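# Coordinates for the following, if possible.
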Amino acid sequence: MYSIGQFAKKTGLTVRALRFYSDKGLLDPCRISEAGHRYYNDESIVRVQKIMTLKYLDYSLEDIEALFSKGETGLIESLQFQRKQLEKKRKHLDNIIANLDQAIAIGERSESIEPTIFLSFIHNLLKEEEQKEYLRQYFPKALIDKMYDYFEVNLIEMNHQYIQLTHQLKQAYIEPIPDKYLQSIIEQFSMIIPQEIAMEIAEALKDSDLTEMDEWLFPSPFTKEEEDWLIEQAKRLGLYGGYDDE
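Below you'll find the predicted structure:
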């Protein structure tokens, strides 16, 4: 049998934590003396191991208390469920790591990167699944799959081009450049997505009730002033099938 101080040293918990778990009904002492001293035994160690393991698996204290009330059967079922959740979490983390690797590869190829542009690009990578779910409300699944399949195959080259052209357009907004160079940049920007896919998107938009994109899921690297300027320049240069249609 262990005093609360001895048990705290043995388990690596503080006396305060042991008292807290006791107050929550998760870890009752095996005996309390007449003087109010708490004592624990080896079974208490097993109980602590269970509590700490479940906490590591992101269970709240309320969830742990509910599990203990169901006995071992409920515990096994819950752990099986939690394992599935952790598998999903691991897959999600693997996707994030893969996306960051892609972002690093693109960043290393880019001559100059503005933080706003690059973070917007990374945000789009990390929110890909949520973007697809959002777009399914407005576009046919086949079109969404076609879009993202193309993005996946051409990810590094396409996004490298996107970052460079976006940077050039933002610079042109600050310091005007000759029309022939501006026209070339806008045309290249509008053609990052193949015209075949862009036309399918335009057709699908006609039949949808989508009026504006979710700014959180699809952040623009341009300010409102820059966007207005781009549309104005595209119209002025006669590029009606370019940026203005994007």
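
# which outside residues touch stretch 93-102?
Residues from elsewhere that reach stretch 93-102, judged by Cβ atoms under 8 Å, 6 or more residues apart in numbering: Ile122, Leu125, Leu126, Glu128, Glu129, Leu155, Ile156, Asn159. For glycine as for every other residue, the C-beta is placed from the backbone atoms N, C-alpha and C.

# what about this structure, any weak spots by pLDDT?
Residue ranges of the chain with pLDDT under 70: 72-75, 110-113, 240-246.

# ranges for the strands of it?
2-3, 31-32, 38-40 (DSSP state E).

# helices or strands up against the last one?
Just to be clear, that refers to strand 38-40. With contacts taken as 3 or more Cβ pairs under 8 Å, 6 or more residues apart in numbering; DSSP states H and E, strand 38-40 sits against strand 2-3, helix 4-11, helix 15-23, strand 31-32.

# again, only using 10 Å
strand 2-3, helix 4-11, helix 15-23, strand 31-32, helix 42-56 (3 or more Cβ pairs under 10 Å, 6 or more residues apart in numbering; DSSP states H and E).

# Give me the contacts around it.
Residues from elsewhere that reach strand 38-40 (Cβ atoms under 10 Å, 6 or more residues apart in numbering): 1-8, 10-11, 15, 18-19, 22, 27-33, 44, 47-48.

# One more: the second one?
By Cβ under 10 Å, 6+ apart, the residues outside strand 31-32 that reach it are Met1, Ile4, Ser22, His37, Arg38, Tyr39, Tyr40, Asn41.

# wait, the fourth one sits on Pro29?
Yes. When contacts are counted by Cβ atoms under 10 Å, His37 is listed as touching Pro29 (8.8 Å).

# residues shared between the contacts of the two?
Ser3, Ile4.

# ok, now how distant is the spatially most central residue of the chain from Gln102?
The centroid of the chain falls nearest to Leu126 when counting by Cα atoms, centre = their mean (4.6 Å). Leu126 is 11 Å from Gln102, where distance means Cβ to Cβ, to the nearest Å.

# residue contacts, Val15?
Ser3, Ile4, Gly5, Phe7, Ala8, Lys9, Arg38.

# of those residues, closest to Ile174?
Checking the contacts of Val15 against Ile174 with Cβ to Cβ, the nearest one is Ala8 at 62.7 Å.

# Return the distance of the closest residue to Leu165 other than its chain neighbours relative to Gly25.
Sequence neighbours aside, Phe189 is the residue nearest to Leu165 in space, at 4.6 Å (criterion: Cβ to Cβ, 6 or more residues apart in numbering). Between Phe189 and Gly25 the computed distance is 62 Å (Cβ to Cβ).

# Could you count how many residues lie near Leu18?
Around Leu18 there are 21 other residues, counting by other Cβ atoms under 10 Å.

# Verify the stated contact: it with Ile4.
Yes. Contact criterion Cβ under 10 Å: Leu18 and Ile4 qualify, at 5.9 Å.

# which neighbours do those two share?
With contacts taken as Cβ under 10 Å, 6+ apart, Leu18 and Ile4 have Pro29, Arg38, Tyr40 as neighbours in common.

# Phi first, then psi, for the first one.
Pointing back at Pro29 there. phi -60, psi 150 (degrees, to the nearest 10).

# now the angle between helix 42-56 and the longest helix seen in the chain, please.
As assigned by DSSP state H, the longest helix anywhere in the chain is helix 61-109. Relative orientation of helix 61-109 with respect to helix 42-56: 40 degrees, computed using axes from the mean of the first three to the mean of the last three Cα atoms, to 10 degrees.

# For helix 61-109, what is the distance to the chain centroid?
Distance of helix 61-109 from the chain centroid (Cα atoms, centre = their mean, to the nearest Å) equals 14 Å.
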